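# Build me a model:
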Amino acid sequence: MKKIIPIITIAAIALVMVFSCTKEEISQQKVKSNDPEAIKAYNRIIDFKSKVAFFKENPAYKSGELISLDSLLWDFNAALNFDYSKVDDPYKQFYSETVFSELTITTDNFIDIYEALSAYLEIETEIQNTLEAAPFNEKAVQFTFVKVENIEEQTLTLRSSIAVGEKGTDGTGPFSSDQDWMYGDNYGMCSGQYYGIMDGGDAIETMVETRRHLFINDQGINVIYVNPVQIILDKDDIDNNPILDLTNGQGYDNTRDYRIFYAHSSNCPQGTTLEDFECIYDGNMNFYNNQMEYLIYNMIPNNTMYWPQADHKKFVRFNQIDGRMLSDENDDPYLIHIPYIIFADRKIIEL
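Have a look, this model is predicted:
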């Protein structure tokens, strides 16, 4: 979607008055919280929703107002998930879609507010379409994550990842004795089942996400999620972050060396090759599942030295766990699971 909307100057005070009236129509509720930041977040969401409501009623009205890229991302993520997402509900499995939006951006990273609101409404529509398309009977939107995909000249491309979950619980793990999975790239199980459909990284991703309610649940409270970030753990992190290394200086043999699955050709014990490590047996699947849960619930949110952007945020979901065979700077191959992990600020409010 790309829309170029001409800018027409209007008195700012009149615009504020119009939006304020719409805001009152959206929410007459008084919000309370022990966290002042939660109240600020709620009020900001309601303020943005008032602009969305006014735009729906007056699509031809143009103010000349601009919104910064940072504000757009905050507002889009907060408002979309405020309205549509049941982040903390338990789910059995997930269905996801990705949509892209194109907007015009200035050289100092501002977007016309009405072009932004038009994009917002189209993402809303795609959320509803994804919810309807999900092949589940009992279902809800779990989370929508909007991020910058690309900026090229004056074109901003947004990527919106929408996840719909099947409501309920379907066991809490662990992986059973027949759950042996290939390392990744949709290679399926070691038996050949699910080849071309999913892989060991996908299986760990699903296991962690469907167990999330064991660690975080709403317990009947009102919760909003704001300011999401994505943490990516790749080879550089594994090589340079001691938190991820489990060898204690004892040397590497490609067997549970790290909290994340990673097998390097230079670490193969004598008589073995990387092919010997492509199958992740059930014991190791449970090992890497447990290590991932330890990372996302304990280590990443509490280690600002390595992950400052996730400081005291809560795990929301994965964008993916990507299994790949890659090569290092010396052209030596390695196998790796690269998790793309979404965290966000979790705010508790009373309505």
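
# Spell out the residue ranges of the strands in the stretch 251-351 of the chain.
Remark: strands assigned in the stretch 251-351 of the chain by DSSP state E, counting those that start in this stretch are 262-264, 279-280, 314-327, 333-349.

# oh sorry, the question was meant for the chain
Using DSSP state E, the strands assigned to the chain run over residues 66-68, 91-104, 110-112, 139-152, 155-167, 181-182, 222-232, 262-264, 279-280, 314-327, 333-349.

# quick one: strands adjacent to the last one?
The reference is to strand 333-349. Applying DSSP bridges, strand 333-349 is found paired with strand 222-232 (antiparallel), strand 262-264 (antiparallel), strand 314-327 (antiparallel).

# Relative to the whole chain's centre, how far out is it?
Here strand 333-349 is found 7 Å from its chain centre; the criterion is C-alpha atoms, centre = their mean, to the nearest Å.

# out of the strands paired with strand 333-349, deepest packed?
Highest mean neighbour count among those (mean count of other C-beta atoms under 10 Å): strand 262-264, with a mean of 23. Any C-beta I mention is one placed from the backbone N, CA and C, and that applies to glycine too.

# ok so, going back, in CSV, list the strands of the stretch 251-351 of the chain along with distance to A41 and mean pLDDT.
Formatted as CSV, the strands of the stretch 251-351 of the chain follow (distance: least, C-beta to C-beta, whole Å; pLDDT from 0 to 100):
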stretch, distance to A41, mean pLDDT
strand 262-264, 37, 96
strand 279-280, 40, 97
strand 314-327, 14, 96
strand 333-349, 5, 96
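
# For F145, which of those is the nearest?
When the strands of the stretch 251-351 of the chain are compared by C-beta to C-beta, strand 333-349 sits nearest F145, at 5.4 Å.

# Tabulate the strands of the stretch 251-351 of the chain (TSV), appending distance to I224.
Below are those laid out as TSV (distance: least, C-beta to C-beta, whole Å):
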stretch	distance to I224
strand 262-264	36
strand 279-280	37
strand 314-327	12
strand 333-349	5
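
# would you list every one of the helices in the stretch 1-150 of the chain?
Using DSSP state H, counting those that start in this stretch, the helices found in the stretch 1-150 of the chain span residues 12-26, 36-57, 69-84, 113-133.

# Return the most buried member of the ones you listed.
helix 69-84 (a mean of 20).

# Give the other helices and strands that it contacts.
Counting contacts by 3 or more C-beta pairs under 8 Å, 6 or more residues apart in numbering; DSSP states H and E, helix 69-84 packs against helix 36-57, strand 110-112, helix 113-133, strand 139-152, strand 222-232.

# could you check the angle helix 69-84 makes with the first one?
Read it as helix 36-57. 90 degrees (axes from the mean of the first three to the mean of the last three C-alpha atoms, to 10 degrees).

# what residue ranges in the chain score low on pLDDT?
Counting by pLDDT under 70, the chain contains low-confidence residues at 1-29.

# Show me how it divides into domains.
12-167, 181-349 (automatic domain parsing).

# Tell me which of these approaches G173 most closely.
domain 181-349 (5.5 Å).

# mind listing what I280 touches?
For I280, the contacting residues are D180, W181, M182, Y183, C190, G200, F261, Y288, by C-beta atoms under 8 Å, 6 or more residues apart in numbering.

# could those be laid out in TSV, adding distance to Y334 and neighbour count?
Formatted as TSV, these follow (distance: C-beta to C-beta, whole Å; neighbours: other C-beta atoms under 10 Å):
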residue	distance to Y334	neighbour count
D180	21	18
W181	18	30
M182	15	24
Y183	10	23
C190	19	18
G200	15	30
F261	11	30
Y288	16	27
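
# In TSV: the helices of the stretch 1-150 of the chain, plus distance to M207.
Formatted as TSV, the helices of the stretch 1-150 of the chain follow (distance: least, C-beta to C-beta, whole Å):
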stretch	distance to M207
helix 12-26	39
helix 36-57	31
helix 69-84	23
helix 113-133	23
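
# any idea how far L158 is from D332?
To D332, L158 is 37 Å away according to C-beta to C-beta, to the nearest Å.

# Pick out whichever of these two has more residues nearby.
L158 (23 against 13; other C-beta atoms under 10 Å).

# So that one sits against V148, correct?
Yes - with contacts counted by C-beta atoms under 8 Å, L158 reaches V148, the gap being 6.5 Å.

# Any figure for the gap between Q179 and N286?
In terms of C-beta to C-beta, Q179 sits 9 Å off from N286.

# Kindly report the same for Q154.
Counting by C-beta to C-beta, the gap from Q154 to N286 is 50 Å.
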